[in-house]
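[1] need a structure here:
(chains A and B)
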Amino acid sequence: MIPLSWYLAVAFILIGLGAYGMMVKRNLIRILIGAEIMGNGVSIALAAFALYSPVFTLTGQALIILMISVAAGHTALALVLMLAYNRRYGTVDLGRPISQEEKINV
Amino acid sequence: MQGFESLFESVEFLLIAGIVIVLAYLALEHKEIVYAAFFFGIMASFVAGFFLLLEAPFVAGMQIAVYTGGISALIIFGVLLLPRAQDSTLEAIESPRAKKIGILVSGSIVFLSAILALTFPWSEAIPEGTIESSLDVALLAEWLWSDHGVYVQIIALIIVTSLVGVIALMKMDKAELMKDITGEFGIEAKPLPEEPESEEAPEAEEAAESEVSEEVDE
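    This is a model prediction of the structure:
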């Protein structure tokens, strides 16, 4: 049987990669992908605990199901916020929003 | 036979782990954002492989249906609706200091978590108890819908709230783009701007009418 620490190592690597994407990238879609990768890492850690802890089996799986459902809702919300950001500032660059005057001049 | 099975399982785990980490890196670093979204979708389906290894086939199916089928498709739609997102010049923060801080913080998250994962005595921390069958979907449904139904209702409320928020945001966005309603209808209607009266207008109309009547006579 694969040790629990192996699964946790993969989960933490995914969480770290997602955090890297969220902190270093400026493109809003990349930031969303980073957040989703972090969510996948958390799911793997929960599933591993669900298998290795006998009293946590069903609870862990049910939590992952609820987490996946919420992930779909928050992705839709994030995309609409991106559309609103793009309409208001004319870009999806989080680092440098274009002002209304600049947008008119362009 | 037992040894061969555990070896096969380890090889499977290492293969899936390698593919998932490489695909996650490509999803963040690939120049083309459309390819990045595709890589994310493939990564999500390989994460389902982990769930199969962890004896959670229902969760694996849900992962493929929602993440690969739903969320990655939603991200691709987002890329299509936001053409500026395909601009590869805005891939990373320009300031090298901020980039270094980002890499340092995420690296320290991985490092500290890896230390925790590898050194913590999990076997002592995990309580002993009766083993529940993780493969039985009926037990899972009973846990979700009859024993802890309130959690499902709370999650449903959260999702409904987020969807109402999505619709409200879209409506607000459209309302900002709309021009003022003008005309003689509606309570919020603004009065039509008054046209300036010109003295030459009646004469011009008479001249035009006479020209038309001449053409008809001919």
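
[2] The strand or helix carrying residue B:48 - what's its average pLDDT?
    Taking DSSP states H and E as the definition, one finds residue B:48 inside helix B:33-53. Mean per-residue pLDDT for helix B:33-53: 93.

[3] buried stuff in that helix?
    Residues of helix B:33-53 classed as buried by neighbour count (16 or more other Cβ atoms under 10 Å in any protein chain shown): B:33, B:36-51, B:53. Quick note: C-beta positions are derived from backbone N, CA and C, even for glycine.

[4] which among the residues you listed are in contact with chain A?
    B:33, B:36, B:37, B:40, B:43, B:44, B:47, B:50, B:51, B:53 (Cβ under 8 Å from any Cβ of the partner chain).

[5] dump the residue contacts of the fifth one.
    Taking Cβ atoms under 8 Å, 6 or more residues apart in numbering or on different chains as the criterion, residue B:43 is in contact with A:37, A:40, B:20, B:23, B:24, B:27.

[6] hmm, try it at 7 Å
    Applying Cβ atoms under 7 Å, 6 or more residues apart in numbering or on different chains to residue B:43 gives the contacts B:20, B:23, B:24, B:27.

[7] Let me know the distance separating the first one from chain A.
    The gap separating residue B:20 from chain A is 7 Å, by Cβ to the nearest Cβ, to the nearest Å.

[8] quick one: that residue is in a helix?
    Yes - using DSSP: H, G, I helix; E, B strand; the rest coil, the secondary structure at residue B:20 is a helix.

[9] and it, what pLDDT?
    In this model, residue B:20 carries a pLDDT of 96.

[10] Now it: closest residue in space, sequence neighbours ignored.
    Of all residues not flanking residue B:20 in the chain, residue B:46 sits nearest, at 4.9 Å (Cβ to Cβ, 6 or more residues apart in numbering or on different chains).

[11] which residue is nearest the middle of chain A?
    Closest residue to the average C-alpha location of chain A: residue A:35 at 1.6 Å, with Cα atoms, centre = their mean.

[12] Pull out the buried positions in the biggest helix by length in chain A.
    Assignment by DSSP state H gives helix A:57-89 as the longest helix of chain A. Going by neighbour count (16+ other Cβ under 10 Å), the buried part of helix A:57-89 is A:57-69, A:71-80, A:82-83, A:85-86, A:89.

[13] give me the subset of these touching chain B.
    With Cβ under 7 Å from any Cβ of the partner chain as the criterion, these include A:57-58, A:61-62, A:64-66, A:68-69, A:71-77, A:79-80, A:82-83, A:86 near chain B.

[14] Any regions of chain A where pLDDT drops low?
    Scanning chain A for pLDDT under 70 picks out A:95-106.

[15] what about 90?
    Residue ranges of chain A with pLDDT under 90: A:1-6, A:22-28, A:49-63, A:73-74, A:76, A:80-106.

[16] got it, and chain B?
    Regions of chain B meeting the criterion pLDDT under 90 cover residues B:1-9, B:29-34, B:55-57, B:78-103, B:105-107, B:109-152, B:155, B:158-159, B:162-163, B:165-218.

[17] so what are the domain limits for it?
    Domain segmentation of chain B under automatic domain parsing yields B:1-88, B:136-190.

[18] Point out the most buried one among these.
    Highest mean neighbour count among those (mean count of other Cβ atoms under 10 Å in any protein chain shown): domain B:1-88, with a mean of 18.

[19] Now do that one: distance to the chain's middle.
    Centroid separation for domain B:1-88 versus its chain: 15 Å, with Cα atoms, centre = their mean, to the nearest Å.

[20] before we move on, back to that, thinking the residue nearest to residue B:20 is in contact with residue B:22, fair?
    No - judged on Cβ atoms under 7 Å, residue B:46 makes no contact with residue B:22 at a distance of 9.8 Å.

[21] Common neighbours of these two, please.
    Residues touching both residue B:46 and residue B:22 (Cβ under 7 Å, 6+ apart): none.

[22] Let's see the helix holding residue B:48 as CSV, backbone CA atoms only.
    Extracted C-alpha coordinates of helix B:33-53, given in CSV (Å, rounded to 0.1, in the frame of the first residue of the first chain):
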residue,chain,number,x,y,z
ILE,B,33,-3.7,30.4,-22.9
VAL,B,34,-6.0,28.0,-24.8
TYR,B,35,-3.5,25.2,-24.6
ALA,B,36,-3.0,26.1,-20.9
ALA,B,37,-6.8,25.6,-20.4
PHE,B,38,-6.6,22.2,-22.2
PHE,B,39,-3.6,21.1,-20.1
PHE,B,40,-5.7,22.0,-17.0
GLY,B,41,-8.5,19.8,-18.2
ILE,B,42,-6.2,16.9,-18.9
MET,B,43,-4.6,17.4,-15.5
ALA,B,44,-8.0,17.3,-13.8
SER,B,45,-8.8,14.0,-15.5
PHE,B,46,-5.5,12.5,-14.3
VAL,B,47,-6.3,13.7,-10.7
ALA,B,48,-9.3,11.4,-11.1
GLY,B,49,-6.7,8.6,-11.4
PHE,B,50,-5.6,9.4,-7.9
PHE,B,51,-9.1,9.0,-6.7
LEU,B,52,-9.4,5.6,-8.3
LEU,B,53,-6.1,4.6,-6.6
